[in-house]
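Provided below for reference: sequence and predicted model.
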Amino acid sequence: MGDMSSATHTPEIDSLYRIAVGLEYDGSAYNGWQMQPHAPSIQASLAEAASVVAAEPIAVIGAGRTDTGVHATMQVAHFDTRARRDPESWRRGINSNLPADINVHWARAVPDTFHARFTAVSRAYRYLILNRVSGSALDRKHAWWVREALDVVSMQEAATHLLGKHDFNAFRAASCQSNSAVRTIYELSLRQNASCITLDVRGDAFLHHMIRNIMGTLVKVGAGNASPDWVAELLAMRDRKLSGVTAPAHGLYFVDVIYPKEFGLPSSAANVSPLTGDLLF
């Protein structure tokens, strides 16, 4: 009988392993997270770097599809691979093959029941405004410069109308492809530190341009061009054409994804300090 070893495949060699990674990026040079055929993307850069480490083609899936120019302090992605590497080798190896404006903070082996997008319980974003007469040479790609004085108290009053489960048609992009505009916002708060105004928002999921449209609407209230109760009227009317402008992408940051505790993944607080006004301005 001939040697059958060449036809034998062990599960250890052939089985796929799922790896989750947490990463940050400056989105200024990219056409968003999503891979595109003729434009640079975060997803393509991460997949190419992971493929080098794995020595095989890798496809990655992210927790959220950030737009062109949007940044992240904690995006989460996963990929499947036959390669065997310890978590630190994945982290260091991927980072050594990434450009300087993308960085992986951690890597973990996860069960195949984990999915970066579909098993997420909630997502958190932060929006930054530089509110002063003069702009910033250093942070022009990292915050929205609004020269008109803004009343943060009025903006916070307006924001309370958005808490809870609502139909957010008034705050979705015309190009949004979601079947439903119903989303739940668990937390929405504003604070001011000198010339920096910060919006923090956490929800189950978000529509295309939803946070940027909310921010544009709140700025209209803060500038005194609408009352806080106007936001409640917008929700009821469900008409995007009636709400505020879409805030620029470069002020928006994807800052956290929460998963069920069974997966044992770090939160953003354990790995990276989210941006604050103290640090930026």
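The structure has been received and is ready for your questions. Numbers count the residues shown, from 1 in each chain.

strands of the chain, start to end?
Taking DSSP state E as the test, the strands found in the chain are 17-25, 60-62, 71-81, 102-110, 122-131, 144-146, 164-167, 182-193, 196-203, 252-258.

possible to save those as JSON lines with mean pLDDT and mean neighbour count?
Just so you know, the C-beta spots here come from the backbone N, C-alpha and C atoms, and that holds for glycine as well. Output for these, formatted as JSON lines (pLDDT from 0 to 100; neighbours: other C-beta atoms under 10 Å):
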{"stretch": "strand 17-25", "mean pLDDT": "97", "mean neighbour count": "23"}
{"stretch": "strand 60-62", "mean pLDDT": "97", "mean neighbour count": "21"}
{"stretch": "strand 71-81", "mean pLDDT": "96", "mean neighbour count": "24"}
{"stretch": "strand 102-110", "mean pLDDT": "96", "mean neighbour count": "19"}
{"stretch": "strand 122-131", "mean pLDDT": "95", "mean neighbour count": "22"}
{"stretch": "strand 144-146", "mean pLDDT": "97", "mean neighbour count": "19"}
{"stretch": "strand 164-167", "mean pLDDT": "96", "mean neighbour count": "14"}
{"stretch": "strand 182-193", "mean pLDDT": "95", "mean neighbour count": "16"}
{"stretch": "strand 196-203", "mean pLDDT": "95", "mean neighbour count": "22"}
{"stretch": "strand 252-258", "mean pLDDT": "94", "mean neighbour count": "24"}
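
and of the ones you listed, who's closest to Q36?
Nearest to Q36 among these is strand 60-62 (13.8 Å), distances taken as C-beta to C-beta.

contact partners of the closest one?
For strand 60-62, the surrounding residues in contact (C-beta atoms under 8 Å, 6 or more residues apart in numbering) are 33, 42-43, 46-47, 50, 75-79, 115-117.

how about the residues you listed, which pair is most distant?
The widest separation within the contacts of strand 60-62 (C-beta to C-beta) is 18.2 Å, between I42 and H115.

more neighbours, these two?
Between I42 and H115, counted using other C-beta atoms under 10 Å, I42 has the larger neighbour count: 29 against 15.
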